[in-house]
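Participant: Fold the following for me, if possible:
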Amino acid sequence: MRKGNPSASPAVIMHDPRLNDPAQEIVRTADLAPAELESVLEVLDAMRRWRDAERLTSEASQRYMRLGASDMRALRMLIAAGNQGIAVTPSTMAAHLGISAASTTKLLDRLERAGHIVRRAHPDDRRSLVIDVTDDSRRAARATVGREHARRFDVVASLTAEQRRIVTDFFDEMAATAERDAV
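Facilitator: This next block holds a predicted model:
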């Protein structure tokens, strides 16, 4: 008989190949000493915790600003472009988000109705529009996403140059595994 909360289900461990690939059909672990394998699993678990924290932060920001993921990406792009003095057109936004012109129009209509953006005539091309973030949305994004980014920046800045190089190399190698899988 099970003790404790009878409706509680056991935690599913996702990244331990000893449990998920015991025959080592995909992940070969036999060449690693037990301590090495534990160390690898610690890194994978830390990556999972980071992804979970990142997802929760993103979801909280979306709820706070009442936006979807694409809407948040659009606002972050508009804020960064505005900080750099770059005018963003609907076609620039579509390319950044990887969506069609029709989807971009719907996204911009939604953001404009919610008071997050304004559209105005392009300063150099009267036939075109540029998109700007409203001051209220800029402040709200700064208070949520901006504050989080500042904390991350401080963590990275506290590393030595050698540690930053190791972390950068690690993330580049991890990104390369995804790029290889995408082909």
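Participant: Residue 120: helix or strand, and which one exactly?
Facilitator: In the assignment (DSSP states H and E), residue 120 maps to strand 117-121.
Participant: now residue 13
Facilitator: Under DSSP H and E, no helix or strand contains residue 13.
Participant: What number of residues are in the vicinity of it?
Facilitator: Number of residues near residue 13 (other C-beta atoms under 10 Å) recorded here: 12. C-betas here are computed from N, CA, C, even on glycine.
Participant: Contact partners for it?
Facilitator: 19, 20 (C-beta atoms under 8 Å, 6 or more residues apart in numbering).
Participant: Repeat the analysis, applying 6 Å as the threshold.
Facilitator: Listed by C-beta atoms under 6 Å, 6 or more residues apart in numbering, the contact partners of residue 13 are residue 19.
Participant: Ramachandran angles for it?
Facilitator: With angles defined as degrees, to the nearest 10, residue 13 sits at phi -90, psi 120.
Participant: Any idea how far the helix or strand hosting residue 178 is from the middle of the chain?
Facilitator: Assigned by DSSP H and E, residue 178 falls within helix 161-182. Relative to its chain's centre, helix 161-182 lies at 16 Å (C-alpha atoms, centre = their mean, to the nearest Å).
Participant: the helices in the chain, which residues?
Facilitator: In the chain, helices defined by DSSP state H lie at 17-20, 34-65, 69-83, 90-97, 101-113, 135-141, 147-157, 161-182, listed in chain order.
Participant: Quick one: closest of those to residue 121.
Facilitator: Closest approach to residue 121 among these is made by helix 90-97 (12.9 Å; C-beta to C-beta).
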